[in-house]
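Undergrad: what shape does this take:
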Amino acid sequence: MKPHFEMFAAYNRWANERLYDAARTLPREDYLADHGAFFGSLNATLNHLLVTDRIWMRRFSGDGPVHAALNEVLTDELDELAALRASEDARLIAYVDSLDPAAIAGQFTYRPITNPVEITQPLGPALAHLFNHQTHHRGQATVILTRIAGRDACPSLDLILFQRQSGMGLR
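TA: So this is what the prediction gives:
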């Protein structure tokens, strides 16, 4: 199971880098405008992804920033957000690298922000959720990019392309 999560942690960084590179091509007003996505703007969507990753990493590791809302906007400056994203992606990769099979199979306990009751569950499925959640909202971000700048606005974020380019998941 650990190689699976290592692949997803590396894929997560790769996909985020590609997404942020595409976002850098947009005019600032388009980046900040509400485009009808779940969190409205591309900026708010990218902030949500970073905030929720930080929330989950704090739940998993007991360390990291504390956030009180899923729609918290840390910054509206894309370069600043990209630096925070890169740091969190590196933190996630290091965390996954630190896990052993017993830890992945083990339990952890946390309190959700939206319904603060104590929940205990296995780490592995929650880690899978974190990566799935990223993919879900990156899909929304690519729709925003496509609406603004056309079909070629964002390069492919397909996992299979990452696997071919990196060699991960092919063995």
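Undergrad: residue ranges for the helices of this protein, please.
TA: Secondary structure of the chain by DSSP state H: the helices cover 2-23, 28-32, 42-61, 78-98, 101-105, 123-149, 159-166.
Undergrad: neighbours around Asp97, how many?
TA: By the criterion of other CB atoms under 10 Å, Asp97 has 11 neighbours. The C-beta positions use only the backbone N, C-alpha and C, and glycine is treated the same way.
Undergrad: can you tell me how far it sits from Gly64?
TA: To Gly64, Asp97 is 16 Å away according to CB to CB, to the nearest Å.
Undergrad: ok, Asn43 next?
TA: Taken as CB to CB, the span from Asn43 to Gly64 is 22 Å.
Undergrad: in this structure, where is pLDDT below threshold?
TA: Regions of the chain meeting the criterion pLDDT under 70 cover residues 171.
Undergrad: what's the distance between Asn115 and Ala103?
TA: In this view, Asn115 and Ala103 are 26 Å apart by CB to CB.
Undergrad: for Leu145, same thing?
TA: To Ala103, Leu145 is 36 Å away according to CB to CB.
Undergrad: same thing with Arg164?
TA: Counting by CB to CB, the gap from Arg164 to Ala103 is 30 Å.
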